[in-house]
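Q: test case, fold it:
(chains A and B)
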Protein chains: 2
Amino acid sequence: MTKPLQDCSVAVVGLGLMGASLCLDLKSSQLCREVRGVARRTQTVLDAFFAHAVDLATNDLQTGILGADIVILATPVRTIVSTLEEIGPRLWPGALVMDMGSTKADICAAMAHLPAGVQPVGGHPMCGKETAGFEASECGLYRNATWVLSPLPRTSPEALALAAELAQAVGARPVVLEAARHDRLVASISHLPFLLASALTAAVAEVGADDPTVWELAAGGFRDTSRVAASDTQMFLDILLTNRAAVLAQIDSFDRHLHQVRALLEQADEPGLRAKLGESQRARAGWRKQ
Amino acid sequence: MTKPLQDCSVAVVGLGLMGASLCLDLKSSQLCREVRGVARRTQTVLDAFFAHAVDLATNDLQTGILGADIVILATPVRTIVSTLEEIGPRLWPGALVMDMGSTKADICAAMAHLPAGVQPVGGHPMCGKETAGFEASECGLYRNATWVLSPLPRTSPEALALAAELAQAVGARPVVLEAARHDRLVASISHLPFLLASALTAAVAEVGADDPTVWELAAGGFRDTSRVAASDTQMFLDILLTNRAAVLAQIDSFDRHLHQVRALLEQADEPGLRAKLGESQRARAGWRKQ
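A: Purely as a prediction, here's the structure:
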């Protein structure tokens, strides 16, 4: 029998941007019985405690999750995978185990090995920022965000409902997606944009090495197109290395489109360029306004 | 002898985002004696007039520029080039002719053929938006923007000073750059980002054709990285086709960086990826905060 969120003790493992922002929402709006935070660094434990982001903060993983009704893993993806192996035997029977990792296939595969009584639900709230760490956390980060939930075949409907209740409680919109499908889609709208921003920044830096005025001229176009290149490198290493095939396929798809444009430009094929660029213009302008 | 801006009649040719926003600033802050607006479409002429963006609006180019002390061309680049040929013989001796085009080499080359008495200064305010047209115009668009000025060898210091005065009067920061250098730099921080955004949108649309949920998941990363893909196609055709060599070189530079990352990812070379992505992370995070 699953408790309502209101009666749950929630343990959040990892107090970076995502985990700490969730704690702040849970605690400030009193959405659950108790909020526990687990962080590796003692300084983060202290910061979280003094910021009133949690009721209990610790850097001892086993202490943090002991007796929790909901355990939420909010570290980089590969740390989530190893943490799942570590905490498995210590979880309460019936505990809901969620995560906030940016790729789902490896995590859901690791969740399948959790002890039988535990209820796993993979998850990914779609609301990153290019700033990271506890100090970047904020109340309301999840408001209006899409929060992907990837249940396993073994996950009970009640556990999935509790996960959805938690997402909705902080203002997010839960969307249930199978892990592999999630990973294929985010390769396209998140991982590819990161790599483009990163390579764009490298290309501009190359120009800037000869002529630093380029940085002075850079305005809104460069700022927005390159923004995500400033994202945490370790987080993206985990993402890219746990979603390699899908990301490589998206790079290749992008590459075909860019080279099509390049060929049209080289030939000064104006009608061809107009058609190709106009197609993207309409697709992007027609996307929901934000 | 050059008049101060306050005593000048200013004619702006082209009442899209850039031209109309300039008119609004000039007129609302009474920065010059008179603001004239020239637009091709009668509807735009009427819109500008009723919005009090101009003192006089017309769709007759010759009427619009007659007797103006400053003529500012604010149409797409290739229209600026043809307009320069057309208006040359009708300009007052001593008139300052400026433009707001996004590439400078072709425009400055055309300016060199203006009658001897005319004072040409190429220009490019670095503050586009992805929305276009008169209805997108706004007061204050140029505030804190970099406004590149490209004088010709024949341009008098007084004429350049008047052009800089105008840029400063609307809150912009004038930066004097030689036309070819300007074009090389903006190929990197403006034209390349547009093409990446456009090809990214095409790649996402390809995924979306099979699985439209991709558009629902798309969040801040895609939104910002792709934003400029919604820019006016005709404006960008003019830009790309008048800056082909520099843009092709930038595509190739970007391509090298992206393929370097692709190879590292394919080989799962984590230290290599960390070094490559970390370099861009530091460059982008270190860029002036906006």
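Q: what does the stretch 51-200 of chain A put close to chain B?
A: A:126-130, A:145-146, A:148, A:175, A:177, A:181-182, A:184-186, A:188-190, A:192-200 (CB under 8 Å from any CB of the partner chain). Placement of C-beta: from N, CA and C, glycine included.
Q: so who does residue A:131 touch?
A: If you count contacts by CB atoms under 8 Å, 6 or more residues apart in numbering or on different chains, residue A:131 has them with A:17, A:230.
Q: which SS class is it?
A: coil (DSSP: H, G, I helix; E, B strand; the rest coil).
Q: do residue A:97 as well
A: Under three-state DSSP, residue A:97 falls in the strand class.
Q: so it touches residue A:122, yeah?
A: No: here residue A:97 lies out of contact with residue A:122, judged by CB atoms under 8 Å, at a distance of 9.4 Å.
Q: the more surrounded of those two?
A: Each of residue A:97 and residue A:122 has its neighbours counted (other CB atoms under 10 Å in any protein chain shown); residue A:122 has more, 31 against 26.
Q: pretty sure the more buried one sits in a strand.
A: Yes: counting by three-state DSSP, residue A:122 is found in a strand.
Q: ok, now how distant is it from residue A:39?
A: For residue A:122, the distance to residue A:39 equals 22 Å [CB to CB, to the nearest Å].
Q: now residue A:218
A: Computed as CB to CB, the residue A:218 to residue A:39 distance reads 36 Å.
Q: re the thing from before, shared neighbours of residue A:97 and residue A:122, which are they?
A: Common contacts of residue A:97 and residue A:122, defined by CB under 8 Å, 6+ apart, comprise residue A:111.
Q: mind listing what residue A:220 touches?
A: B:127-129.
Q: can the longest helix that chain A contains be found next to chain B?
A: Secondary structure of chain A per DSSP state H: the longest helix is helix A:244-266. Yes: with CB under 8 Å from any CB as the criterion, chain B is reached by helix A:244-266 at A:244, A:247-248, A:250-251, A:253-255, A:257-258, A:261-262, A:265-266.
Q: for residue A:29, state which of the contacts of residue A:220 is nearest.
A: Of all those, residue A:29 sits closest to residue B:129, with 36.8 Å by CB to CB.
Q: check contacts around the closest one.
A: Contacts for residue B:129 (CB under 8 Å, 6+ apart) come out as A:220, B:17, B:136, B:141.
Q: narrow these to those in helices?
A: The members of these that map onto helices under DSSP H are A:220, B:17.
Q: let me have the contacts of residue B:129 in CSV, extended by distance to residue B:8 and pLDDT.
A: Below are the contacts of residue B:129 laid out as CSV (distance: CB to CB, whole Å; pLDDT from 0 to 100):
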residue, distance to residue B:8, pLDDT
A:220, 29, 86
B:17, 23, 94
B:136, 26, 91
B:141, 20, 96
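Q: now rank the contacts of residue B:129 by neighbours and give me the top one.
A: residue B:17 leads these on contacts (other CB under 10 Å) with 25 neighbours.
Q: contacting residues around the spatially closest residue to it that is not a sequence neighbour?
A: In space, and not counting its chain neighbours, residue B:17 is closest to residue B:136: 4.7 Å by CB to CB, 6 or more residues apart in numbering or on different chains. By CB under 8 Å, 6+ apart, the residues touching residue B:136 are B:16-17, B:129.
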